[in-house]
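Q: what shape does this take:
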Amino acid sequence: MTFHVPVLLSEVLEYLDPKPGEDFVDCNLGGGGHAKEILAKTGPGGRLLGFDLDEDAHTQATKTLASYKNRITLVQKNFSELKEVAQDNGFKTVDGILFDLGLSTYQLTDSERGFTFSGSENLDMRFSQDQKKTAADLLNHSSKDELVKILSRYGEVRNSKTLAQAIVKYRQKNPFKKNDDLVWVAKGLWPQHLKKTEKRYLAQVFQAFRIAVNNELQSLEQSLKAALEILKPQGRLVVISYHSLEDRIVKRFFKKESQDCHCPAESPLCVCEHQSQFKIMTR
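A: The predicted structure is shown next:
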């Protein structure tokens with residue numbers, strides 16, 4: 001299994017600023033790269049709670065972090081359950097929380113779950129095999145309107161209506177099974193004079209179904225709120241986002257929670273009584 005080198009590692013360590021004895025949560029454990037470096041700086045007593053739905057990632061992280069086994073708790077759960085899982089495992093409050101929202105190299109190249117639009121793999125796209133619906137299920141059973149919603153909302157696909165209609169037409173004769181089935185349908189609608197942007201278009205299409213399968217955006221919104229509830233005073237929250245949909249959610253949340261009053265500008269007095277929860281350290 002090939003998991004990616006932890007991205008922005010120096011920046012993550014700078015802003016999380018882990019110190020001996022502090023407790024952290026890694027909400028996207030992956031192969032354990034970020035977690036390993038955090039644990040190296042929080043010994044001898046600092047603990048880490050790690051989340052990852054992917055069974056293979058969980059297995060790899062367990063190996064990567066074996067030397068810290070007495071200071072780690074790894075769970076194969078969605079980070080939308082952050083608060084409940086943290087409290088159930090003795091992490092009532094923590095000093096820092098990390099979200100690295102990107103797919104791992106392994107998921108893209110070795111998982112054979114159809115996350116990528118190259119090769120021929122099953123249209124699965126589930127982070128956890130315990131989840132019920134696959135991407136193939138959505139493609140084969142969603143109504144045209146539901147497909148339009150998935151493509152436009154989660155992929156910002158420009159030709160969502162046309163593509164949704166093409167998907168419905170294709171599946172009447174051939175059910176979607178492999179990722180190259182979806183590639184064939186999508187590529188057939190993309191103008192030849194826009195060939196240079198074809199890969200980006202396919203990436204948006206695949207992103208849309210992956211997000212829908214895993215309920216990613218709703219999970220992110222829930223977990224950000226939970227993060228605030230378990231962070232200690234002076235605690236640090238670091239989020240690495242990779243596409244505009246995640247980025248908007250994170251920036252909107254940070255803006256809201258870093259400001260006091262949320263009342264309309266024309267309101268003469270504050271009635272919401274909201275108080276700033278944290279200070280933004282970087283954009």
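Q: and the helices in the stretch 101-250 of the chain, which stretches?
A: 105-109, 135-141, 144-155, 160-171, 179-187, 198-214, 216-230, 244-257 (DSSP state H, counting those that start in this stretch).
Q: buried residues, the first one. List them.
A: Think helix 105-109. Of the residues in helix 105-109, Thr105, Tyr106, Gln107 count as buried by neighbour count, 16 or more other Cβ atoms under 10 Å. All C-beta atoms are positioned from the backbone trio N, CA, C, and that covers glycine.
Q: separation between the last one and Lys41?
A: Separation of Gln107 from Lys41 (Cβ to Cβ, to the nearest Å): 27 Å.
Q: for the second one, same thing?
A: Using Cβ to Cβ, one gets 25 Å for the distance from Tyr106 to Lys41.
Q: do the same with Gln222
A: When Gln222 is compared with Lys41 (using Cβ to Cβ), they lie 29 Å apart.
Q: residue ranges with poor pLDDT in this protein?
A: Scanning the chain for pLDDT under 70 picks out 1-4, 272-274, 276, 283.
Q: show me the domain layout of it.
A: With domains defined by automatic domain parsing, the chain comprises 1-131+215-283, 132-214.
Q: so Lys178 sits right up against Thr116, yeah?
A: No - if you go by Cβ atoms under 8 Å, Lys178 and Thr116 don't touch, sitting 11.8 Å apart.
Q: more neighbours, those two?
A: Taking neighbours as other Cβ atoms under 10 Å, Lys178 and Thr116 compare with Thr116 leading, 18 against 15.
Q: quick check: closest non-adjacent residue to the more buried one.
A: The shortest distance from Thr116 to any non-neighbouring residue, by Cβ to Cβ, 6 or more residues apart in numbering, is to Leu108 (5.1 Å).
Q: now Pro6
A: Gly33 (3.3 Å).
Q: what is the burial count for that neighbour?
A: When neighbours are counted by other Cβ under 10 Å, Gly33 registers 23.
Q: and what of Leu194?
A: 10.
Q: distance-wise, check it relative to Asn159.
A: Taking Cβ to Cβ, one finds Leu194 at 11 Å from Asn159.
Q: after the helix or strand hosting Ala86, next one along is what?
A: Using DSSP states H and E, Ala86 maps to helix 82-88. Tracing the chain past helix 82-88, the next element assigned as helix or strand by DSSP H and E is strand 94-100.
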